[in-house]
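Peer 1: Provided below for reference: sequence and predicted model.
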Amino acid sequence: MESKNKIVIYQLLPRLFSNTVPNCVYDGTIEENGCGKMNDIDMAVLNQIRGLGISHVWYTGVIRHATTTDYSQYGIPRQHPGIVKGKAGSPYAITDYYDVDPDLATNVENRMGEWEDLIARTHEAGMKVVMDFVPNHLAREYKSICKPNGIKDFGDDDNIDKEFSADNNYYYCVGKPFEPYFDCGDYKEYPAKATGNDVFNNRPVRNDWYETVKLNYGVEYTQDGRKIKHFSPIPDTWHKMTAILLFWASKGIDGFRCDMAEMVPTEFWKYAIGVVKKQYPNVDIIGEVYEPSLYRDYLSAGFDYLYDKVGMYDCLRNVICGLNPASDITQRWQWTDDIQDHMLYFLENHDEQRIASDFFASDPFKAVPALAVTALFGRNPVMIYSGQEYGERAMEQEGFSGHDGRTTIFDYWSVESICRGFFSRDDLTTDEQRLEMTYKDILNIARSEKAVSEGKVFDLMYVNQHLWSKQFAFLRKAKKEMLIVVANFSSNSVNLPLIIPSHAFEYLSIKEGICDAVNLIGNAHTKLCLIKDTSIHIDILPNNVLIYKIVF
């Protein structure tokens, strides 16, 4: 990804994104509720996404995965409904790593061509393409019909009489059938395979990833909790998964978001990423890693960026909800200061609850100051989730997905705020228009200002302890351009004295004196007197951000 430009990723699920069918029914079929198509993501849609300040689009759920919809007339194997979550199925229960989800195609027989066309359109619109790579698990009835010649399916050469073998692709419960603690109809599996979330027995429960099978990377999980590594010779699974990465990279993919990367050994990543980068040096790898103690291990293995969920996301969520003081943000970024540029910040994705839901903040505007922090504080990437810019609430119970403030990934559904935002803009509410403009302002500032993409950062909180509870302030500076950013997490307007310490003047080479400043949101001009260890006064609206730009 660009070294001189801020990376701003827009995540969307085509299945949901371009589905405009109104009044979807609970647990509805594709015939009842419809399904978004790749062809509907046309140049007009892509230009609108680009205009939001986006550099990369992460298309989620493109690879063919388990579903209850019957495509057998196209030679696509049917999946047993007893092991599919929801009517549409989980995008992370892959049934063919070399195929495209037929749900997303206008012409099922040309589904790969339609995906290649979407890649080309996205590039034409000036953005890069990120897609999922799901390395830890696959669907129970995995069967590739699109694999290239010379590549064998997972499990074809397994010895099913061994619970573990470094030569196997799966882990087996030898002599035991698959018997989950729930009714899966007449589905049969013998011997049972270990379940994706490391359930090494034949009896997963409803909350397990029962629809998936754990892949074997040569790690032997012992009963006493040890993990014995068998990496020489290189396990077969390593070769198969690396070939998949190379296959999609050859289609023009610019980056991979690697699902549950921390459940796969770093040794594999070092091997696979090395192979991919040798052939495709500009392809970037994003890892979903939740354990902060492992961040540096996975970066050393070759990842370009990692989720900062347990760190910055959890912190900002608590600040938005009034559970933690804004000063906690300082501690969170300091935890990863040495790897700051590699942390991917976000406030929403398909796993997390929507900001505007009753389970989070109820009001999307309460997250505006947090958006400013995630987008402007560092040079590192930031990601938003489609519908976030319109305050999507996700308060429906769509089907398999419960009433939990998350947009379903398991059901056929349409998202009303996205429909209004992209396909029926005259129906946008005043608040949706205002929120969209706020996102557009902040994200385009992140993309266009050199102080953000290239500059140094200076946290002002240690000399402004009066801000600790509800405000967060920092400086960004590159050469002669400086930003003063103040995020107000309070529901009240405030007038704040903001001290800029001598250390900041020295570290950032700031000139003392009276300066012209422009508020980049609203374009209002003012004069600021910058003197070491002296306050400037800041007026800021409720749940808002002030961004002063000064050119010396």
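Peer 2: Alright, I've got the coordinates.

Peer 1: the residue lying closest to Asn318 once chain neighbours are set aside - how many residues pack around it?
Peer 2: Leaving aside its chain neighbours, Asn318 sits nearest to Asn324 (3.9 Å; criterion: C-beta to C-beta, 6 or more residues apart in numbering). (Glycine included, C-beta is placed from N, CA and C.) Asn324: 19 surrounding residues under other C-beta atoms under 10 Å.

Peer 1: going forward, the N-terminal residue is numbered 56.
Peer 2: Will do, 56 is the new start, and the previous item becomes Asn379.

Peer 1: can you tell me the SS state at Asn379?
Peer 2: Three-state assignment for Asn379 (DSSP: H, G, I helix; E, B strand; the rest coil): coil.

Peer 1: any idea how far stretch 360-376 is from the chain center?
Peer 2: Remark: stretch 360-376 is offset 13 Å from the chain centroid, using C-alpha atoms, centre = their mean, to the nearest Å.

Peer 1: and it, which residues are buried?
Peer 2: Using 16 or more other C-beta atoms under 10 Å as the burial criterion, the residues of stretch 360-376 that qualify are 360-368, 370-372, 374-375.

Peer 1: next one: stretch 479-498
Peer 2: Buried-residue list, stretch 479-498, by 16+ other C-beta under 10 Å: Leu483, Glu487, Leu490, Glu491, Thr493, Tyr494, Asp496, Ile497, Leu498.

Peer 1: now do the contacts for His146.
Peer 2: Quick fix: residue 146 reads Pro, not His. Leu68, Arg70, Thr115, Gly116, Ile118, His120, Asp156, Asp187, Ile464 (C-beta atoms under 8 Å, 6 or more residues apart in numbering).

Peer 1: count of residues packed around the residue lying closest to Thr463 once chain neighbours are set aside?
Peer 2: Spatial nearest neighbour of Thr463, excluding adjacent residues (C-beta to C-beta, 6+ apart): Ser456 at 3.4 Å. When neighbours are counted by other C-beta under 10 Å, Ser456 registers 20.

Peer 1: in stretch 324-340, which residues are buried?
Peer 2: Buried residues in stretch 324-340 (16+ other C-beta under 10 Å): Trp324, Lys325, Tyr326, Ala327, Ile328, Val330, Val331, Lys332, Tyr335, Val338, Asp339, Ile340.

Peer 1: for stretch 163-182, same thing?
Peer 2: So, applying 16+ other C-beta under 10 Å, buried residues of stretch 163-182: Val163, Arg166, Glu169, Trp170, Leu173, Ile174, Arg176, Thr177, Ala180, Met182.

Peer 1: just confirm the fifth one is within a helix.
Peer 2: This means Leu173. Yes: Leu173: assigned to a helix according to three-state DSSP.

Peer 1: would you mind confirming that it makes contact with Asp95?
Peer 2: No: contact between Leu173 and Asp95 fails when scored by C-beta atoms under 8 Å: they sit 9.9 Å apart.

Peer 1: tell me which of the contacts of Pro146 fall in strands.
Peer 2: Those of the contacts of Pro146 mapping onto strands are Ile118, His120, Asp187, per DSSP state E.

Peer 1: so which of those residues wins on neighbours?
Peer 2: His120 (27 neighbours).

Peer 1: for the stretch 406-555 of the chain, what spans make up the helices?
Peer 2: 423-431, 471-473, 485-503, 505-508 (DSSP state H, counting those that start in this stretch).

Peer 1: for Asn88, which of those is the nearest?
Peer 2: Between Asn88 and the helices of the stretch 406-555 of the chain, the shortest gap by C-beta to C-beta is with helix 471-473, which sits at 12.9 Å.

Peer 1: contacts for stretch 529-538?
Peer 2: Here stretch 529-538 makes contact (C-beta under 8 Å, 6+ apart) with 431-432, 504-516, 539-540, 555, 559, 563-565, 575, 602-607.

Peer 1: put the buried members of those residues into a PyMOL selection.
Peer 2: The buried residues among those can be selected in PyMOL (16+ other C-beta under 10 Å) with this line:
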select buried, resi 431+432+504+505+506+507+508+509+510+512+513+514+515+516+539+540+555+559+563+565+575+602+603+604+605
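
Peer 1: so which residues of the stretch 106-255 of the chain form helices?
Peer 2: In the stretch 106-255 of the chain, the helices defined using DSSP H, counting those that start in this stretch lie at 166-179.

Peer 1: what mean pLDDT does stretch 334-349 have?
Peer 2: Average pLDDT, stretch 334-349: 96.

Peer 1: just to revisit the earlier point, quick check, nearest of the buried residues of stretch 479-498 to Cys201?
Peer 2: Nearest to Cys201 among those, with distances taken as C-beta to C-beta, is Leu498, at 36.5 Å.

Peer 1: pull up the gap between the closest residue to that closest one other than its chain neighbours and Arg480, please.
Peer 2: Using C-beta to C-beta, 6+ apart and skipping the chain neighbours, the partner closest in space to Leu498 is Gly108 (3.0 Å). Computed as C-beta to C-beta, to the nearest Å, the Gly108 to Arg480 distance reads 18 Å.

Peer 1: and Ala327, by the same measure?
Peer 2: For Ala327 relative to Arg480 (C-beta to C-beta), the value is 43 Å.

Peer 1: then Val117?
Peer 2: 26 Å.

Peer 1: cool, Ser557 as well?
Peer 2: 50 Å.

Peer 1: try Val507
Peer 2: Val507 is 29 Å from Arg480, by C-beta to C-beta.

Peer 1: returning to that earlier point: determine which two of the buried residues of stretch 163-182 are furthest apart.
Peer 2: Taking C-beta to C-beta, no two of the buried residues of stretch 163-182 sit farther apart than Val163 and Met182, at 26.4 Å.

Peer 1: picking that back up, among the contacts of Pro146, which one lies nearest to Asp216?
Peer 2: His120 (29.6 Å).

Peer 1: give me the pLDDT value at the closest one.
Peer 2: 98.

Peer 1: can you check the one 5 residues further on too?
Peer 2: pLDDT, the model's per-residue confidence, is 98 for Asp125.

Peer 1: just checking, it touches His135?
Peer 2: No: the pair Asp125 and His135 does not pass the contact test of C-beta under 8 Å, sitting 11.9 Å apart.

Peer 1: check contacts around Lys525.
Peer 2: For Lys525, the contacting residues are Pro380, Ala381, Asn543, Phe544, Ser545, Val549, by C-beta under 8 Å, 6+ apart.

Peer 1: I'd say the fifth one and Gln526 touch.
Peer 2: Yes: with contact defined as C-beta under 8 Å, Ser545 and Gln526 form a contacting pair (7.0 Å).

Peer 1: out of these two, which sits in the more crowded spot?
Peer 2: Regarding Ser545 and Gln526, a neighbour count based on other C-beta under 10 Å identifies Gln526 as having more, with 25 against 17.

Peer 1: what's across from that one in the sheet?
Peer 2: Beta bridges link Gln526 to Asn543, judged by DSSP bridges.

Peer 1: and what of the one 10 residues further on?
Peer 2: Judged by DSSP bridges, the bridge partners of Glu536 are Ala533, Val606.

Peer 1: how close does it sit to Leu530?
Peer 2: 11 Å.

Peer 1: between the two, which one's more packed in?
Peer 2: Leu530 (22 against 17).

Peer 1: quick one: the more buried one and Arg133, what's the gap?
Peer 2: 59 Å.

Peer 1: and what of Arg448?
Peer 2: 35 Å.

Peer 1: of those two, which one has the most company?
Peer 2: Neighbour count, other C-beta under 10 Å: between Arg448 and Arg133, Arg448 has more, with 21 against 13.

Peer 1: residue contacts, the residue nearest to that one when sequence neighbours are not counted?
Peer 2: Nearest residue to Arg448, sequence neighbours excluded (C-beta to C-beta, 6+ apart): Ala411, at 4.5 Å. Contacts for Ala411 (C-beta under 8 Å, 6+ apart) come out as Ser417, Asp418, Pro419, Gly446, Glu447, Arg448, Ala449.

Peer 1: try it again with 6 Å
Peer 2: Pro419, Gly446, Arg448 (C-beta atoms under 6 Å, 6 or more residues apart in numbering).

Peer 1: next, it: phi, psi?
Peer 2: phi -80, psi 0 (degrees, to the nearest 10).
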